[in-house]
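*Asks:* Next input, structure requested:
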Amino acid sequence: TIQSPADGERVSGAVSFLGAADVPSFAFYKIEYNDLSPEGTWLAITASTSPVCEGTCTEAELLGTWDTTLVTPGDYAVRLVVTDTQGNAPLPCEILLSVAP
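*Replies:* Take a look at the predicted model:
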């Protein structure tokens, strides 16, 4: 899950993603963004082979950071994809963010 930033939030600069990334037989997670254009593709923000917030946790932990100064201001979809060792991935957690100039 991505707990912060919130869906629909306006962001700028370095954006820290807080949440959890763990499934049974965890293999890796990645955070990606898409500019919502018809030809847009998902591009990596960060990835890790270490679970975040294993089992139960009391507060969100850092999943990664996105330097939004590297993209054009506008609206973006951001998703967290968690994959297990068999290559299975539950539905991604997806939010929309507006990158400010």
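
*Asks:* CA only for contacts and neighbour counts going forward, please
*Replies:* OK.

*Asks:* Once you drop chain neighbours, what's closest to residue 24?
*Replies:* Of all residues not flanking residue 24 in the chain, residue 84 sits nearest, at 6.9 Å (Cα to Cα, 6 or more residues apart in numbering).

*Asks:* Now do that neighbour against residue 78, distance only.
*Replies:* 20 Å (Cα to Cα, to the nearest Å).

*Asks:* which one of those two has more residues nearby?
*Replies:* For the pair residue 84 and residue 78, the greater number of neighbours falls to residue 78 (24 against 16), based on other Cα atoms under 10 Å.

*Asks:* What helix or strand is the more buried one located in?
*Replies:* Assigned by DSSP states H and E, residue 78 belongs to strand 74-84.

*Asks:* Mind giving me the packing neighbours of the helix or strand just after that strand?
*Replies:* Toward the C-terminus, strand 74-84 is succeeded by strand 93-99 as the next helix or strand (DSSP H and E). On a contact count with 3 or more Cα pairs under 8 Å, 6 or more residues apart in numbering; DSSP states H and E, strand 93-99 meets strand 10-11, strand 74-84.

*Asks:* so which of the ones you listed is the most packed in?
*Replies:* Greatest average neighbour count among these goes to strand 74-84 (a mean of 20), per mean count of other Cα atoms under 10 Å.

*Asks:* The residue nearest to residue 90 when sequence neighbours are not counted pairs with what?
*Replies:* Nearest non-adjacent residue to residue 90, counting by Cα to Cα, 6+ apart: residue 82, 7.0 Å away. Taking DSSP bridges as the rule, residue 82 bridges to residue 29.

*Asks:* I figured residue 82 was touching residue 29, is that so?
*Replies:* Yes. Using Cα atoms under 8 Å, residue 82 is in contact with residue 29, at 4.3 Å.

*Asks:* what do these two both touch?
*Replies:* Shared contacts of residue 82 and residue 29, defined by Cα atoms under 8 Å, 6 or more residues apart in numbering, comprise residue 21.

*Asks:* helices and strands around the strand holding residue 78, which ones?
*Replies:* If you count contacts as 3+ Cα pairs under 8 Å, 6+ apart, strand 74-84 packs onto strand 26-34, strand 93-99.
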